[in-house]
Every structure is written in structure tokens, then in C-alpha cells.
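any chance you could fold what I've pasted below:
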Amino acid sequence: MPLRMTGTPGDPALLGLPWSTPLEDWPEHLFVALPRGISRHVVRFVRLSGRVYAVKEVGERLAGHEYRLLRDLARLDVPAVEAVAVLNDRADEAGEPLDSALVTRHLQFSLPYRAVLSGTVRQETLVRLLDALAVLLARLHLAGLYWGDCSLSNTLFRRDAGAFAAYLVDAETGELHPRISEGQRAHDIEIAHINIYGELLDLEAGGLLHPSIDPLETSAQVCRRYEALWEELTRAEVVEEVEWHRVEARIRRLNALGFDVAEMQIQRKLGTARIIVAPKVVDAGHHQRRLLRLSGLDVEENQARRLLNDLDNYRATNRLPGDDEEIVAHRWLAEVFQPAVRAVPPELRGKLEPAQIFHEVLDHRWFMSEAAVGDVGLNAAVRSYVGNVLTHKPDEKAVIAPE
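Reported below is the predicted structural model:
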């Protein structure tokens, strides 16, 4: 039976890969050396036409299920890797069947948790990582997804200003429903607790976990943080008719968590003056959306918050309070953000994505200004950051050698 590909690969070179050979036996020149997480299956990163793809060998049923689910999650704008194609009816030269292959696009600047936590893990770093996982799980549940195998190993992390953003990378066990049930949600949390506990024990055994970190307590803390987030996102609030400031405060708290409120569902209780208000939370990305609308920059949520703060500072410093927001954003982009990013030498631009570089430059400027007891300016901060900080960072982007 001939090889069968389903998907929208966009790159004809995918068909030219040695699909009649088991993935672990493919020639080394096809592979890109990138950090890989722990997986039950053979996974490799391949380079084609300047792009990097992850290829995973898995049974036909699971490959088809995961491909369709990842496509559905993309339509729902949920943080997950992008499914490119699934290849079925593979066979070796002797006609013996081989597992199907799922092809996903590599998420640039992303790292598995072991790469993020390389070296002795600090409590602060671990907490930020686990908070990102809790936010991801809440977003998946809001979308109606039962994950079935929530873990650090099945997640990729990207730096997001001082925090992390988490992406689902393994959806074999996932199920998408119009609305997740309480039983499914509770089971997902229990699985997350068990998996994270095991992964932290593994880090501890490898000497990568600080002695002050208790794997059992930390894994339980993730579940508590998730529950607090879920409560904030979904609970109905009873307010008196004169207490609408509480509703506004609730929306601000949700925005601070990175979630947009699409609408308010209001139910008046008979015989009382109280109103039950339930915000309909549709997606994360309040600051992302605002920055994208103003500047065209598509970045992570915390990065967007930091860039918007700098934009607001630019407006105040240049005394432009009455100018149109879009015009001010265009000036800030041309006069501040783009010159700072372009000042980074080309050979160092694979270290971090531009928004993360700009965020770290702002931090560096603050520390320099504190030491100098006065603002050192952005240009001096960029030069110092590039020479003293960025040069020594490892690359977090897949660096593609010329063909």
C-alpha cells in the first residue's frame, strides 16, 4: 500500500524524507540537535528548507487522533504545538509495516522542562514554571479539553519576560468536549499531581533539585494554585446593585492574569436587590491582543505587559497624552523597540526572541541606572547588555545552517 499523507505540509521536501526507514535509523545529517523531553516514543527534530519539524513515531490510531486534536486546538487558539501532517501506511524495504509518523512544527525558543531547569533549580524558577503549567491547564479546561496526561514532560516552555509561557506538546490522551465535566477536571488535576510529583522526584535523584524543595508539597501546591486560578476565572459573584466597582475590580484581576472577559452574564435574584454576575472568560491574552492591535508585535503575555508599560512611559516622557494611541505606538515602535533590537549583532539574534531581548534590556537599563544614580539611556543599556549579558547566553532558537 502506498504511503499516505494527511495535512497541509506546505513543504514538498517532507515527502522526500526516508519514510521507509525507522525514525531512529534516519541519517544524522537530517537531524537538528535540540533539547528533547522524555517521551514514550521515538522523537527527532529534522531540518527542511530552513524550518525545523518534530517527527514522532506512534501507532496509526493515536497519530490520527493527536493530529486532529492539535488542529482543533489551533482553531480554538489554545497554546499547543502546530500539527503539520500525519503519515500512515509506512513500510520498510521488505514490506514490513512501520508505525505512523506525526509531524509538528518546532516551537522556536521553546524548551522542555529539563533544559529550563538544567543545573541546580532555584525555588523561584520552579514556581514560575509550575505556575505556567497551571495557567495552561486552566486554559485547556476552559476550551473543553480533558488532557488525560498533564505533566512537565508533555509541555514546552518559552520565556515570557520574568515568567514562562507553557504549551501543550503531547495530546495523545486528550479529549475535546463542548464543556469539561467536573469529574474530568478533577481527574486531570489528580493526574497532574501524580506526574509532577514523579518528575520532581526524578530531578531530586539527579541532584537537580534544591534541598529546600519538597517534591510532594510542591506538586500539591501546583494543584492549589490551579484551583485558585480556576475559581477566579469561573465563579459567579453576588453583588448589590450599588457595588458595580466590585465587578470592575474582578475584570481587572482577570486581565492581570492575562484573560479577556468577552461578556458578563447577569441574573437578578427575585425578591432581593442582588445581582449574580458571571464573567464569560473566553481566552487568555489581554495584553497580547492590545499590543498586537497597536504595534503588530505578536509576543507572549508578560512580554506584552512589559512592552506596553514601556510604551506608556514613552507617551508620558514625550508628553503625548492626548495623541491617538495607535500613532504613539507606531512612533515607539520606530524610535525605541526596532532600533534596540536591530542593535543586536546578527550572530547573536538566535539567543532569544526579540521581545525577550527588549525586556531584558529594560531590566539591564534599570540596574545600570540604579548604580549610576541616574538614567543611563536605552542606547548605553543595549550596548552593555549585548557585550556583558547576551553574548554569554545559550541559543534558544534552532539555528539552521545554510543548505
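
which residue ranges form the helices in the stretch 201-350 of the chain?
215-234, 244-256, 286-295, 301-317, 325-332, 338-342 (DSSP state H, counting those that start in this stretch).

what's the least confident stretch among those?
Here the lowest mean pLDDT among the helices of the stretch 201-350 of the chain goes to helix 244-256, at a mean of 76.

can I get that helix as CSV, trimmed to CA atoms?
Output in CSV follows, covering the C-alpha atoms of helix 244-256 (Å, rounded to 0.1, in the frame of the first residue of the first chain):
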residue,chain,number,x,y,z
TRP,A,244,-20.5,47.6,40.5
HIS,A,245,-17.0,48.7,41.4
ARG,A,246,-16.5,45.1,42.6
VAL,A,247,-17.4,43.8,39.1
GLU,A,248,-14.8,46.2,37.6
ALA,A,249,-12.3,45.0,40.1
ARG,A,250,-13.0,41.4,39.1
ILE,A,251,-12.4,42.2,35.4
ARG,A,252,-9.1,43.9,36.3
ARG,A,253,-8.0,40.8,38.2
LEU,A,254,-8.8,38.6,35.3
ASN,A,255,-7.0,40.9,32.9
ALA,A,256,-4.0,40.9,35.3
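
check what pLDDT Ala273 gets.
So, for Ala273, pLDDT stands at 55.

export the helices of the stretch 201-350 of the chain as JSON lines, with columns for mean neighbour count and distance to Gly50.
(Glycine included, C-beta is placed from N, CA and C.) Listed next are those as JSON lines, based on neighbours: other Cβ atoms under 10 Å; distance: least, Cβ to Cβ, whole Å:
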{"stretch": "helix 215-234", "mean neighbour count": "16", "distance to Gly50": "38"}
{"stretch": "helix 244-256", "mean neighbour count": "14", "distance to Gly50": "38"}
{"stretch": "helix 286-295", "mean neighbour count": "19", "distance to Gly50": "25"}
{"stretch": "helix 301-317", "mean neighbour count": "19", "distance to Gly50": "25"}
{"stretch": "helix 325-332", "mean neighbour count": "16", "distance to Gly50": "30"}
{"stretch": "helix 338-342", "mean neighbour count": "15", "distance to Gly50": "21"}
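
any chance of those helices in CSV, plus distance to Leu15?
Below are these laid out as CSV (distance: least, Cβ to Cβ, whole Å):
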stretch, distance to Leu15
helix 215-234, 42
helix 244-256, 46
helix 286-295, 35
helix 301-317, 37
helix 325-332, 43
helix 338-342, 37
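
which among the ones you listed is found nearest to Glu182?
helix 215-234 (10.8 Å; Cβ to Cβ).

what packs against that closest one?
Helices and strands touching helix 215-234, as assessed by 3 or more Cβ pairs under 8 Å, 6 or more residues apart in numbering; DSSP states H and E, comprise helix 123-142, helix 182-205, helix 244-256, strand 274-284.

out of these, which comes closest to Asp312?
Here helix 244-256 is closest among the helices and strands packed on helix 215-234 (Cβ to Cβ), at 15.0 Å.

who's Ser100 bridged to?
Val58 (DSSP bridges).

count of neighbours near it?
24 (other Cβ atoms under 10 Å).

is it possible to export the helices and strands packed on helix 215-234 to TSV including distance to Glu347?
Below are those laid out as TSV (distance: least, Cβ to Cβ, whole Å):
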stretch	distance to Glu347
helix 123-142	28
helix 182-205	33
helix 244-256	38
strand 274-284	34
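
most tightly packed of these?
helix 123-142 (a mean of 20; mean count of other Cβ atoms under 10 Å).

quick one: work out the angle between that one and helix 182-205.
Computed with axes from the mean of the first three to the mean of the last three Cα atoms, to 10 degrees, the direction of helix 123-142 lies at 160 degrees from that of helix 182-205.

let me know the next secondary structure element after helix 123-142.
strand 145-146 (DSSP states H and E).

quick one: the helix or strand following that next one to helix 301-317, angle?
Downstream of strand 145-146, the first helix or strand assigned by DSSP H and E is strand 155-160. With the same axes, to 10 degrees applied, the angle from strand 155-160 to helix 301-317 works out at 10 degrees.

and strand 155-160, how far out from the chain's middle?
Chain-centre distance of strand 155-160: 5 Å, with Cα atoms, centre = their mean, to the nearest Å.

what's it packed up against?
strand 110-112, helix 113-116, helix 123-142, strand 163-168, helix 301-317.

might one say that Cys167 is in contact with Val78?
Wrong residue type there; residue 167 is Tyr, not Cys. No: with contact defined as Cβ atoms under 8 Å, Tyr167 does not reach Val78; the gap is 9.1 Å.

looking at these two, which one has more neighbours?
Neighbours were counted for Tyr167 and for Val78 using other Cβ under 10 Å; Val78 has more, 21 against 17.

contacts only, for that one.
139-140, 143, 145, 168 (Cβ atoms under 8 Å, 6 or more residues apart in numbering).

burial count for Leu48?
For Leu48, the neighbour count with other Cβ under 10 Å is 19.

grab the nearest non-local neighbour of it.
Closest residue in space to Leu48, ignoring its immediate chain neighbours: Ala13 at 4.5 Å, by Cβ to Cβ, 6 or more residues apart in numbering.

just Asp375 next, same as before
Ser369 (4.9 Å).

what lies in contact with whichever strand or helix holds the one you found?
Per DSSP H and E: Ser369 is located in helix 354-372. Residues outside helix 354-372 that contact it (Cβ under 8 Å, 6+ apart) are 109, 159-162, 297, 299-300, 303-304, 306-307, 310, 337, 340-341, 344, 351-352, 375-378, 380-382, 384-385, 389-390.

then Val376 would be within a helix, right?
No: per DSSP: H, G, I helix; E, B strand; the rest coil, Val376 lies outside any helix segment and is coil.

number of residues surrounding the nearest residue to it once chain neighbours are set aside?
Spatial nearest neighbour of Val376, chain neighbours left out: Met368 (4.6 Å); criterion: Cβ to Cβ, 6+ apart. Residues lying near Met368 (other Cβ under 10 Å) number 18.

next one: Arg4
For Arg4, the count of nearby residues is 12 (other Cβ under 10 Å).

mind checking the helices and strands packed on helix 215-234 for the one nearest to Arg114?
Of the helices and strands packed on helix 215-234, nearest to Arg114 by Cβ to Cβ is helix 182-205, at 7.9 Å.
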